[in-house]
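> Okay, predicted coordinates and the sequence, questions at the end:
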Amino acid sequence: MTTNSPDAGPTHKAVEAGVTLLIALFGAIVIYGSVKAGINWGAEGPRAGFFPFYVGIFIIASSAINLWNGLRDGDDALFAEWGQLRQVMSVVLPTAIYVGVMPFTGLYLASIIFIGWFMRWLGKYSWLVVTAVALGMPIVTYLIFERWFLVPLPKGPIEEWLGL
Amino acid sequence: MEELVNLFHGFAVALQPFNIMVMILGIVLGVIIGVLPGLGGANGVAILLPLTFSMPPTSAIIMLSCIYWGALFGGAITSILFNIPGEPWSVATTFDGYPMAQQGKAGEALTAAFTSSFVGALFAVVMITLVAPLVASFALRFGPAEKFAVYFLAFCSFVGLSKEPPFKTIAAMMIGFALAAVGLDSITGQLRLTFGSTELLNGFDFLIAVIGLFGIGEILLTMEEGLAFRGGKAKIDLRVVVQTWKQMPQYWITSLRSCLIGCWMGITPAGATPASFMSYGIAKRVSKHGHNFGKGEVEGVIAPETAAHAAGTAALLPMLSLGVPGSPTAAVLLGGLLIWGLQPGPMLFVEQKEFVWGLIASMYLGNLVGLIVVLTCVPVFAAILRVPFSIIAPLILVLCAIGAYSVHSSTFDVVMMLVFGVVGYLLKKCNYPLAPLVLAIVLGDKAEEAFRQSLLGSQGSLGVFFSNTLVGTIMVLGLVALFWSLIQQGYTRLRTAVA
Amino acid sequence: MKHSVLHVALATVALFGAGTVAANAAWEPVRPVEFIVPAGTGGGADQMARTIQGIVTKHGLMKQPMVVINKSGGAGGEGFLDVKGSGNNPHKIIITLSNLFTTPLATGIPFNWKDMTPVAMLALDEFVLWVNAEKLYNTVKDFVDAVKQAPSGSMKMGGTGSKQEDQIITVAVEKATGAKFTYIPYKGGGEVAVQLVGNHVDSTVNNPIEAVAQWRGGKLRPLCVFDGKQMDYDEVIADGKGWKDIPTCKSQGLDMEYLMLRGIFMGPKATKDQVEYYIDLFKKVRATPEWQDFMKSGAFNTTFLTGADYAKWVETEEKRHETLMKEAGFLATAGN
């Protein structure tokens, strides 16, 4: 699985089994939370955890069937090639960083860097275009959201310093 | 007759130059609000409410209702172009609207969506004009049991439709129900599934889930297939409007059915979201193009859009005559009425004739103005798809982040949006249908609430769901819809057996 | 050189002086003020916040804009936690309703009103016992007798939210009369009133503003008000009666008084100047004709309190809610 040949990649079967197990785990968490909230049928009808409990049971039961069906399937088609997954990760990781730093830097600075990175790295645009879009979009956003529609967006030290 | 005289008087009020100006302004603002995720209709109307204080009440409410129309029109734009529904009732529009855009038919899809919205809303306004008093008393018959029955019907007419394996559909829907249950349980006033986390107090908002599952998920799928937005070859001149209009009359049955579903769902306080899903589901079942739904069939855009707008419009009637808002946007409109000293309720039609008929007349005109405004912009919207992916994608991601943030002003929600994005990508690749999941998030807690309110009232007896003809009929219709394919099979078998 | 040193010294003094002057001058917002509503759009608190926003905008009472933001998650817990966490941000105020007390008690979220700074009580919202006008109950006594005769629990009381003010009043009514209701929670007060019109519940304890339209339309009938004295507004609403003609519940043998706070709080570290600024602002708001119309349309009790009086009132109410909710069994169980 470590080869970098263009058509290698995780099999569909393996990924699907993983996803199914994750769904089952989610179902288990739901059941645990429901039991904590009370799952019986009280004097006033069902209690808070009654419905989520059965929903959790359904999730686990259907996941078991899905897992069985998936594993029985003899097909060993690829889920995606490693190269394709790398493409996907090249968006997911920067977006994760973008989302992660937003509480500290504020929306605007993070957006400028994120848009700039995306356009320069993936789009290979000239610095002029990159700068124009990366600065233009947050400014327009600021005007529309904060100035006209009065929707406050997350701000960081720079906005604080600028007194915005 | 008296109503018609009143209506013409209303037209005279609405057609004053100042009011027409206000109308156009309202529509344009509304479209902007509808297009930007994070500025929902409720949000926009609320923000602009204070601006209208310097106007006479009739102009003010015309402006606010035009913002409402504009936002309704605008919601379809992002659904079709980017697979991001800004409002719950635009979700069903993505099913066929987005595939159409990918096939280069964005202009057709937008025209069909806008025109259907107009038709749906017009139908509902005509109904309001003619039978308002009758309808108001019908809405009063809806208690919790009846409401649950309507949700039940909406679910049943939608499930059992997908091509995906049935147990994956069940799993997806149950995930939606579980997510809808997180937060405060409104019946016992107790927190559940929050595990002591204060971030989870709010539960999972529909918008965050949908922006992630549909919007971000789609961008990830696009990345996997190389950096291209399919659909760049969309026609961008106004002829596409006329061409689409020529095709539309052949779907008149779908339109009419969707109008009726929409009006009915709007008056029963279930609202536009179940109406759009139900209308889509039924159209898929009975249309001769049904097998093609989900792959870019224009009928799959017409059905949900018509129903959603008929419902959104019809919902204004219970608001005016009973004082119960059918949606958050309507709730803010209601607040606006109160501030001007107009008390919605049974006496509004008697005491404030000029206002009510001015509003109804503005519904006719506002819709027409709205249709003209958005149709002339179709080429502009379609041209957005020509912007290269590596420019538009980061902009969409940033706008999605803003949209997710502004739901609760919480950066935690932005993180959740990304998680939903990755989950959406994985689920879609693994052949799990996302539509039932979203439907369950939107309606799950409402249906549960209605169910438990009914049981409280009946002291635990399930008989309450068949206790009168109204609720019984709706429940039976729901069961029929659920087992429709079985019934159909049985019928065919019976016929072959007889023959 | 000496010259320039003198200059610097003078400049420093001048700067210093300017600084002290600025600090002494009254505080004023320098950016948009967020007005948090710990409830959904369209409810009573939301309507009041948006009315205030409108009044402030229309009369230009504040140089910066005021933005209403709904944070209704977890029965308002979301909004309270937001203000609690806002530290010394003076551009954030919150309007409260009874969930200031009920939400932390019923859900166990880590919050108490002392985590915020009290600014002012704007008004108190009344509660009225309503029945459908088609029913034959004309007095509280008729109604209580009917409830007692019906099988236990078969009479339905509709209300807003669970383990909140409406249900607290319901429990108190049960205690005072010995009758048993089935309480059915709904999302909003307007919906509750319509459910009563449609006969899906038998009675409600709606606020005046939520039910007045149905009263005016002849669909509902008020039986009594849960206040120590009758309401002040004598304008005729329906059947030749006005708010003033509704008897107090106590005079009708239902010994329960309940008023809901509509008050303003801000972040925990607000300075005296900042609190003074907002008190002054709300005094101006209260003087406008729009505010007075709003008070009249909702038959509010217009008590205005600030500072220590206000804090004392809140403290007393908190104790009272704790007792009421404990008796009703509404307190959160540990570990939830």
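Alright, I've got the coordinates.
> Break chain A down into its domains, please.
A:12-72, A:83-162 (automatic domain parsing).
> can you give me the end-to-end distance of the longest one?
Put plainly, it is domain A:83-162. Taking CA to CA, to the nearest Å as the measure, domain A:83-162 stretches 43 Å from start to finish.
> what stretches of chain A score poorly on pLDDT?
For chain A, the stretches with pLDDT under 70 are A:1-7, A:43-45, A:74, A:164.
> By proximity to chain C, which residue of it wins?
Nearest residue of chain A to chain C, counting by CB to the nearest CB: residue A:150, 4.5 Å away. Just so you know, the C-beta spots here come from the backbone N, C-alpha and C atoms, and that holds for glycine as well.
> and the gap between that residue and chain B?
Computed as CB to the nearest CB, to the nearest Å, the residue A:150 to chain B distance reads 6 Å.
> what sits against that residue?
Residues near residue A:150 by CB atoms under 8 Å, 6 or more residues apart in numbering or on different chains: B:47, C:32, C:65, C:67.
> can I assume it sits in a helix?
No - per DSSP: H, G, I helix; E, B strand; the rest coil, residue A:150 lies outside any helix segment and is coil.
> Can you pull the phi and psi angles for residue C:35?
Note on residue C:35: backbone dihedrals following degrees, to the nearest 10 are phi -110, psi 100.
> pull the longest helix from chain A.
In chain A, assigned by DSSP state H, the helix with the most residues is helix A:12-37.
> What residues sit buried inside that helix?
Neighbour-count burial for helix A:12-37 flags A:12-13, A:15-17, A:19-20, A:23-24, A:26-27, A:30-31, A:33-34, A:36-37 (criterion: 16 or more other CB atoms under 10 Å in any protein chain shown).
> ok, and the closest non-adjacent residue to the residue of chain A closest to chain C?
Leaving aside its chain neighbours, residue A:150 sits nearest to residue C:67 (4.5 Å; criterion: CB to CB, 6 or more residues apart in numbering or on different chains).
> So the one you found lies in a strand, does it not?
Yes - counting by three-state DSSP, residue C:67 is part of a strand.
> how about residue C:185, secondary structure?
Per three-state DSSP, the local secondary structure of residue C:185 is strand.
> Angles on the backbone of residue B:141, please.
When quoted as degrees, to the nearest 10, the phi and psi of residue B:141 stand at phi -80, psi 0.
> before we move on, back to that, give me the beta-bridge partners of the residue nearest to residue A:150?
Applying DSSP bridges to residue C:67 yields these beta-bridge partners: residue C:34.
> Now for it, how many residues are close by?
Burial of residue C:67 is recorded as 21 neighbouring residues (other CB atoms under 10 Å in any protein chain shown).
> which residues does it contact?
Counting by CB under 8 Å, 6+ apart, residue C:67 touches A:150-152, B:47, C:32-35, C:53.
> Repeat the analysis, applying 7 Å as the threshold.
Each residue near residue C:67 by CB atoms under 7 Å, 6 or more residues apart in numbering or on different chains is listed here: A:150, A:152, C:32-35.
> Turn those residues into TSV, including distance to residue B:491.
Formatted as TSV, these follow (distance: CB to CB, whole Å):
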residue	distance to residue B:491
A:150	59
A:152	59
C:32	64
C:33	65
C:34	61
C:35	60
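> What's the local residue count around the residue nearest to residue C:74 when sequence neighbours are not counted?
Excluding its sequence neighbours, the residue lying closest to residue C:74 (CB to CB, 6+ apart) is residue B:201, at 3.3 Å. The burial count assigned to residue B:201 is 23, neighbours taken as other CB under 10 Å.
> The one 10 residues further on too?
By the criterion of other CB under 10 Å, residue B:211 has 34 neighbours.
> and it, what does it touch?
Neighbour list for residue B:211: B:37, B:84, B:400, B:403-404, B:417 [criterion: CB under 7 Å, 6+ apart].
> Excluding residues flanking it in the chain, which one is nearest residue B:438?
Residue B:438 sits nearest to residue B:91 (CB to CB, 6+ apart), 5.4 Å away.
> oh, I was asking about residue C:276
Leaving aside its sequence neighbours, residue C:276 sits nearest to residue C:26 (CB to CB, 6+ apart; 6.8 Å).
> what's the helix or strand for the one you found?
Following DSSP states H and E, one finds residue C:26 outside all helices and strands.
> ok, it - contacts?
Neighbouring residues of residue C:26 by CB under 7 Å, 6+ apart: C:273, C:276-277.
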